[in-house]
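Trainee: With the input below, show me the fold.
(chains A and B)
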Amino acid sequence: MPNAPEHPAIHARGLLAAHGLRPVISGLDLTVPAGATVALLGGNGTGKSTLLRLLAGLRAPRGGELAVLGHALPRERWALRGKVGVVAHHPLLYRELTVAENLGYHARLHGLPAARVGEVLELADLEGRKDQPVGDLSRGLVQRASVARALLPDPALLLLDEPLANLDPVVAELVGGLLGPRPGRTRVIASHDPARALEESDLVLVLGSGATVKYVGPADGVSASALEAMYR
Amino acid sequence: MSRPIGSLRATWLVVRKDLLLERRTFELLPSMGLLALGTIALLRFALDQDEVSGDLAAGALLIPLLLAALLGIARLFAAEESDAGVDQFLLSPAPAGALLAAKIVGLFVVLVTLEVVLVPVFALLLLGPSIGPVLPEVVLVLLLLDAALAVIGGLVAGLAIGSRSRELLIPIMVVPFALPALISAQAALAPVLEQDPGALVTRWPAVLAIYAVILGLVGSVVAEFLVED
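Mentor: Okay, the predicted model is just below:
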C-alpha cells in the first residue's frame, strides 16, 4: 500500500444511503489511503453502485460523514468535480455523437487542451474508430471509449463498476491495463469476481443485503473462498 | 489535471453539443414544426374565415406556439436522460447551473427558429393582409414570449428530470406558469394584428419583459440546486 498522505482518499463514518425509506447502506465506516485499491464486493442490490455514486458526488448521503479526496460531501462536491473518473454500466457518452465528438466535449468541459483527446484515443487504441458514432460501436469498443472518457482528466480517484463485465479476453486485457494501478491514483472496483478482486486490491469491502457490511479490511486478511461464502 | 471553466463557456459548450445532436438526429424541430403548422392548418378550417385579425389572430398564433413549446420542453432533457448526460456534466468541473442555462438558451433558439417558419405560414393562411408593416412589433412580442417560455420550460424540465410522469408533469406545470406570459402576449399582439402599425401598447411587452426577468432571476437562483439534486 502506498505511503499515507495528508488525508485519506476516502473517509466514511456511519455512512447512510437510502432509496426512499429503504436503507441501502447503513453505518459504513471506511478509510482508504490515497493510492490504494479497494475491491467492492456484494450480491446484486446490495448498494455497490449506490456507494460508487456517493463517492463520485453524484448522490448525497442520507446521513453520517463522507469525505472524498479531502472534500466533505455533499457540502464540497463542487470541489470534487473533475477529480473523479467513473466507468459505470452506462458509458456516459452520447450515442449520436462520434467518439471524438464525445471526448472533445468532455475535454472542453474539463478545461483540457484538444491534444489530450488524441492522447487518450491512442491509449485506448481508438484512433481508427474516432469518427464513428458511439451508438454504432460494439460493447467492447464502447467500453474502451468510456474508459478513455474516464481517463481524460487523469483523475485522482477511479470508480469502476464491473469494468470488465461482458468483455472478451483481449478487450478485457486492454481495458484492465488502462485502468490498472498508478502511483497516487486511488481505485474502487465493484466486482463479482472475488479471486480477481483480491489479486489487485489492498482493501476489501463486502456489502450484504439489508444494508449490512459483511467485511471491511485488508485484502490479505481474507481468502477468496471466504469472500465467496459471504455471497451466500 | 482538470481546470475549472466559467459558466458562460460551460453554457456555450452544452448549447453547441445540443445543436450538434439536433443536427445529427433532426427530430425536435421537425416534430415541433409539424405540430404547430398542423394546428394552424386546422384553425384555418375550424374558424371558417378567410382571414382573421385582432384577438382571434393573436390566439391563432399563440396556440400553435404553446403546443410546440410543450413538445420541445418535454424533449429538452431527452438526450441527458437516455445518455446519463447530467452525470456526465456533474463529473466535470463546470458550474452545475450552466447545464440548465444551456437548456434555456437552446429552447429559446429552437422557438425562434420555429417562428421563422410559423409566422409567415400564419400570415399566409390566416392573417390575410401582409404582416410586413407590423412585423417589428410581432417579432418583439414573440422574442419576449420566447424568453419567458424558455425559462419556464427549462426550470420545469429540470424539475421533472428522472420523473416517470414527466409527460404528465410538464404540461401541468408549464401552462399555469406560462399563462401570465401568454395573456400579456395576447394583449400585446391583438391590436397589432388589427393591421395597425404603431398600435402596440407598451404596457404589455413591458409586463412580458418584467415577467421574463423575474423568471430568469428565479432560474439563476435555483439552477444549481435543480441540476445537482
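
Trainee: I'd like to know how many residues surround residue 194.
Mentor: Unless you meant another one, I'm taking chain A. 23 (other Cβ atoms under 10 Å in any protein chain shown). C-beta here means a position set from N, CA and C on the backbone, and glycine is covered the same way.

Trainee: Actually, chain B is the one I wanted.
Mentor: 14.

Trainee: Phi first, then psi, for it.
Mentor: Note on B:Glu194: backbone dihedrals following degrees, to the nearest 10 are phi -80, psi 10.

Trainee: what does A:Arg13 give?
Mentor: Dihedral angles (degrees, to the nearest 10) for A:Arg13: phi -130, psi 120.

Trainee: That one bridge partners, please.
Mentor: Counting by DSSP bridges, A:Arg13 forms beta bridges with A:Glu65.

Trainee: Select the helix or strand of chain A having the lowest average pLDDT value.
Mentor: The weakest-scoring helix or strand in chain A, judged by mean pLDDT, DSSP states H and E, is helix A:224-231 (a mean of 80).

Trainee: ok, now which ones touch the residue nearest to A:Val213 when sequence neighbours are not counted?
Mentor: Leaving aside its sequence neighbours, A:Val213 sits nearest to A:Leu28 (Cβ to Cβ, 6 or more residues apart in numbering or on different chains; 5.6 Å). By Cβ atoms under 8 Å, 6 or more residues apart in numbering or on different chains, the residues touching A:Leu28 are A:Ala12, A:Gly14, A:Leu15, A:Leu16, A:Leu51, A:Gly64, A:Val213, A:Val216.

Trainee: Most neighbours out of the residues you listed, which is it?
Mentor: Ranking those using other Cβ under 10 Å puts A:Leu51 first, with 29 neighbours.

Trainee: so where does the residue nearest to that one when sequence neighbours are not counted fall, helix or strand?
Mentor: Counting by Cβ to Cβ, 6+ apart, A:Ile25 is the residue found nearest to A:Leu51 once chain neighbours are left out, at 5.9 Å. In the assignment (DSSP states H and E), A:Ile25 maps to strand A:22-32.

Trainee: ok, back up a step: please determine how far the residue nearest to A:Leu51 is located from A:Gly177.
Mentor: 31 Å (Cβ to Cβ, to the nearest Å).

Trainee: and if you look at A:Ala226?
Mentor: 29 Å.

Trainee: The two: who's more crowded?
Mentor: Each of A:Ala226 and A:Gly177 has its neighbours counted (other Cβ under 10 Å); A:Ala226 has more, 14 against 10.

Trainee: mind listing the helices for chain A?
Mentor: Assigned by DSSP state H, chain A shows helices spanning A:48-56, A:77-80, A:99-109, A:115-123, A:139-151, A:169-178, A:194-199, A:224-231.

Trainee: Show me what the first one is packed against.
Mentor: Okay, so that is helix A:48-56. On a contact count with 3 or more Cβ pairs under 8 Å, 6 or more residues apart in numbering or on different chains; DSSP states H and E, helix A:48-56 meets strand A:10-19, strand A:22-32, strand A:37-42, strand A:63-68, strand A:84-87, strand A:157-161, strand A:186-190.

Trainee: Show me which positions of it end up buried.
Mentor: Going by neighbour count (16 or more other Cβ atoms under 10 Å in any protein chain shown), the buried part of helix A:48-56 is A:Lys48, A:Ser49, A:Thr50, A:Leu51, A:Leu52, A:Arg53, A:Leu54, A:Leu55, A:Ala56.

Trainee: same thing with the last one?
Mentor: In terms of neighbour count (16+ other Cβ under 10 Å), helix A:224-231 has its buried residues at A:Leu227, A:Met230.

Trainee: contact partners of that helix?
Mentor: A:Leu41, A:Gly42, A:Gly43, A:Pro194, A:Ala195, A:Ala197, A:Leu198, A:Val204, A:Val206, A:Gly208, A:Lys214, A:Tyr215.

Trainee: same deal with stretch A:48-62?
Mentor: Residues contacting stretch A:48-62 (Cβ under 8 Å, 6+ apart): A:10, A:15-19, A:23-25, A:28, A:40-42, A:66, A:68, A:71, A:73-74, A:77, A:80-81, A:84, A:86, A:88-89, A:157, A:159, A:161, A:188, A:190, A:207, B:87, B:90-91, B:229.

Trainee: Contact residues of chain A facing chain B?
Mentor: A:56-58, A:60, A:77-78, A:81-86, A:88, A:90, A:92-97, A:101, A:105-106, A:108-112, A:133, A:153-155 (Cβ under 8 Å from any Cβ of the partner chain).

Trainee: can you rerun that using 7 Å?
Mentor: A:56, A:58, A:81-84, A:86, A:90, A:92-97, A:101, A:105-106, A:108-112, A:153-154 (Cβ under 7 Å from any Cβ of the partner chain).

Trainee: Got a PyMOL select line for the buried ones in those residues?
Mentor: Buried subset of the residues of chain A next to chain B, written as a PyMOL selection, criterion 16+ other Cβ under 10 Å:
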select buried, chain A and resi 56+58+81+82+83+84+86+92+93+94+95+96+97+101+105+106+108+109+110+111+112+153+154
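
Trainee: For the most centrally placed residue in chain A, give the beta-bridge partners.
Mentor: Of all residues in chain A, the one closest to the mean position by Cα atoms, centre = their mean is A:Leu159, 1.2 Å from it. Judged by DSSP bridges, the bridge partners of A:Leu159 are A:Val86, A:Val188.
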